[in-house]
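J.: Mind looking at a prediction? Sequence and model below.
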Amino acid sequence: MAIHGPGGPRRRSIQVSTPASTIAVRASANQSTARHELFFFNYFRLGQAAVYTALAFRPEHMNWPALPEPVFARLFALAYLLAALVMVARTRQTLNRPVLIVSIGLTLDIAAALLALVLMHDVRMGVAMMLAVNIATGALLLPFRLSMFFAALATLGMLGHSVFDLDSADGTDREMVEYGLFGAAYFACASLCYVLGRNIRASEALAEQRGIDLANLSQVNELIIRRMKTGVLLVDESNRIHQLNESAWMLMGNPSAEQRDLGSLAPELSRRLYHWRTSGKLDESATMLADGTPEVVPRFSRLAPNDDSHVLIFLDDTSLVSRRAEELTLSSLGRLSASIAHEIRNPLAAIHYSAQLLAESTDMNDTDLRMVEIINNHCSRLNEIIENILQLSRRERSRPETLDLGKWVHHFVTEYRQGNDLGSDILRAVSGSEPVAAVADPQHLQQVIWNLVQNALRYGRLPGEPARVMLVARHSEAGIPILEVIDRGPGIPPKVAAQIFEPFFTTHEYGTGLGLYLARQMAEANQAALEYVRVAGGGSCFRISLTPPARTAVAAPLAARA
């Protein structure tokens with residue numbers, strides 16, 4: 001298990017195998033194979049040339065082999081030796097063209113072998129055998145047809161030499177048989193070495209691909225373990241920490257890289273580990289490993305059965321468990337609240353309808369009318385609470401459309417004025433000459449802005465003065481479309497502003513605390529962000545950062561940060 005050291009996380013990139021990378025792997029494997037075979041091919045040629053040179057420059061007192069033309073034989077041997085040296089020196093520069101280089105080399109080898117047969121006839125068997133090595137090595141790198149071509153060329157060259165060799169007329173038949181057998185050997189060596197080379201390249205490519213896949217899998221496992229919410233430590237038998245992930249590093253108080261002793265870092269954890277090793281019993285009570293860190297419940301596991309040399313320690317954060325339990329409780333309470341609210345609606349409607357009928361009676365005095373008015377007011381308040389709870393539980397899917405926010409805000413203000421008596425309060429729309437396009441669900445946006453405008457008109461006023469609210473549509477500096485509801489009231493204190501979007505938080509005695517929470521939920525359902533911005537000089541601003549119709553690579557992260 002590869003994670004990271006106690007000093008903190010080490011970032012590593014993950015290389016994932018793709019078809020392109022597989023092709024690159026195979027190309028790399030083929031190039032590696034070609035490099036070794038080319039070096040062997042060229043070094044063998046150099047040794048072959050050295051043998052020819054030694055035979056050509058034999059001492060004078062040695063009569064074997066016979067050299068009919070010693071000067072020409074020595075010139076040939078030196079030329080072949082020089083060519084072999086040049087090809088050895090240029091091996092690295094020719095790795096990207098192995099087929100061409102091997103073809104040139106085999107042509108040179110066959111020509112040199114035929115010249116050696118003419119100039120050093122006594123060593124014809126050795127020359128023919130060494131040529132077989134050249135053809136076999138070349139077949140490791142060449143295509144099958146080209147390998148067969150050079151085998152045929154060498155065979156024809158040998159047979160042609162035996163036919164046109166006028167100096168050995170008596171042994172022509174014997175030499176033809178010998179050269180024919182060598183030709184068969186050339187074809188056999190070329191075929192076998194071609195198959196062998198193909199299998200070697202396939203095996204190397206597969207081995208390298210498996211190695212990369214294994215490395216990728218190891219890095220993926222490392223990333224998974226490093227990102228786990230559960231802390232993971234690897235401790236040896238001397239209580240020395242070898243590796244730990246990010247969660248364990250934070251749960252232990254962010255120790256430095258030099259601190260590796262578990263006993264000094266977390267004495268309680270070390271004590272529990274010793275108790276588990278000696279007795280096999282696990283203490284499942286929560287404990288705190290460092291000041292200011294959450295409580296954890298440690299669990300221990302051996303890497304191998306009956307082996308205490310290395311132990312894995314898992315640290316379960318109790319705060320995460322509590323948070324999950326709280327989320328489940330809130331979810332259950334939400335469903336329960338929705339069902340209760342649904343059951344309350346019918347009797348509440350009956351009460352409200354009965355109160356309206358009482359108010360129409362002519363026998364009611366002022367005191368009774370006042371009581372009926374109180375009943376109607378509280379019925380309306382209860383109905384608003386029920387609607388908010390039911391809306392919270394429904395969570396309708398958004399149906400986004402492309403809107404012109406400039407026209408939309410003017411239409412909203414006109415519609416709001418027609419349906420609500422503003423009195424002396426002021427509500428106006430502000431937009432520039434340029435269109436502000438955004439993608440959102442019109443109904444959701446209508447509910448969010450209506451809620452924000454209601455709050456601004458209700459709370460965004462100075463004592464004794466009418467409310468002044470602006471609905472602004474504009475682009476931000478980053479080009480993101482935004483809607484702002486701005487009032488000129490007293491503003492919201494910082495301590496209160498940090499909690500206004502939490503459910504059921506309210507500072508008004510008749511408030512439900514769900515309006516702003518629902519507004520933010522609807523904004524997030526439309527991939528928008530709702531935030532509170534304090535206005536300099538007094539006032540409040542609720543800003544909605546919406547999604548542009550065609551989000552660019554720059555606008556997307558800016559909208560996410562907003």
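T.: Looks like it came in fine. Residues are numbered from 1 along each chain as shown.

J.: tell me, how many neighbours does the closest residue in space to residue 108 that isn't next to it in sequence end up with?
T.: With C-beta to C-beta, 6 or more residues apart in numbering as the criterion, residue 108 has its nearest non-adjacent residue at 6.1 Å, and that residue is residue 83. Placement of C-beta: from N, CA and C, glycine included. Around residue 83 sit 18 other residues, with neighbours defined as other C-beta atoms under 10 Å.

J.: now do residue 116
T.: What residue 116 shows, counting by other C-beta under 10 Å, is a neighbour count of 26.

J.: and the host helix or strand of it, which residues are buried?
T.: The secondary structure element spanning residue 116 is helix 98-119 (assigned by DSSP states H and E). Taking 16 or more other C-beta atoms under 10 Å as the neighbour-count basis, helix 98-119 is seen to contain the buried residues 98, 101-103, 105-106, 108-110, 112-119.

J.: Show me what secondary structure element comes after it.
T.: Read in the C-terminal direction, the helix or strand following helix 98-119 is helix 124-139, with elements assigned using DSSP H and E.

J.: neighbouring contacts of the helix or strand that comes right after that following helix?
T.: Past helix 124-139, heading to the C-terminal end, the next element that is a helix or strand (DSSP H and E) is helix 144-164. Applying C-beta atoms under 8 Å, 6 or more residues apart in numbering, the external contacts of helix 144-164 come out as 99, 103, 106-107, 110, 113-114, 117-118, 128, 131, 135, 138-139, 142, 172, 175-176, 179-180, 182-183, 186-187, 189-191, 193-194.

J.: so what secondary structure elements neighbour the helix holding residue 116?
T.: Packing contacts for helix 98-119, counted by 3 or more C-beta pairs under 8 Å, 6 or more residues apart in numbering; DSSP states H and E, involve helix 19-56, helix 70-89, helix 124-139, helix 144-164.

J.: how about the shortest one: buried residues?
T.: Using 16+ other C-beta under 10 Å as the test for burial, helix 124-139 gives 124, 127-128, 130-139.

J.: and those as CSV, adding pLDDT and distance to residue 454?
T.: CSV is the format used below for those (pLDDT from 0 to 100; distance: C-beta to C-beta, whole Å):
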residue, pLDDT, distance to residue 454
124, 85, 109
127, 90, 104
128, 90, 103
130, 92, 99
131, 92, 98
132, 92, 97
133, 92, 94
134, 91, 93
135, 92, 93
136, 91, 91
137, 89, 88
138, 89, 88
139, 90, 87
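
J.: from the chain's centre, how far out does stretch 194-203 sit?
T.: Relative to its chain's centre, stretch 194-203 lies at 35 Å (C-alpha atoms, centre = their mean, to the nearest Å).

J.: Which positions within that stretch qualify as buried?
T.: The neighbour-count check on stretch 194-203 (16+ other C-beta under 10 Å) flags 194, 197, 200-201 as buried.

J.: Among those, which one lies nearest to residue 238?
T.: Proximity of those to residue 238 (C-beta to C-beta) peaks at residue 200, which lies at 46.5 Å.

J.: any idea how far that closest one lies from residue 140?
T.: According to C-beta to C-beta, to the nearest Å, residue 200 and residue 140 sit 8 Å apart.

J.: just residue 248 next, same as before
T.: For residue 248, the distance to residue 140 (C-beta to C-beta) stands at 52 Å.

J.: With residue 89 instead?
T.: In this structure, residue 89 and residue 140 are separated by 21 Å, where distance is defined by C-beta to C-beta.

J.: Run through the stretch 201-350 of the chain and note the low-pLDDT ranges.
T.: Judged against pLDDT under 70, the low-scoring parts of the stretch 201-350 of the chain cover residues 320-323, 325-331, 333-334, 336-338, 342.

J.: one more time with 80, if that's ok
T.: For the stretch 201-350 of the chain, applying pLDDT under 80 flags the ranges 218, 221-229, 257, 292, 303-308, 318-343, 345-346.

J.: Please, where are all the helices along it?
T.: Counting by DSSP state H, counting those that start in this stretch, the segments of the stretch 201-350 of the chain that form helices are 246-251, 262-265, 267-279, 318-359.

J.: No more questions from me, cheers.
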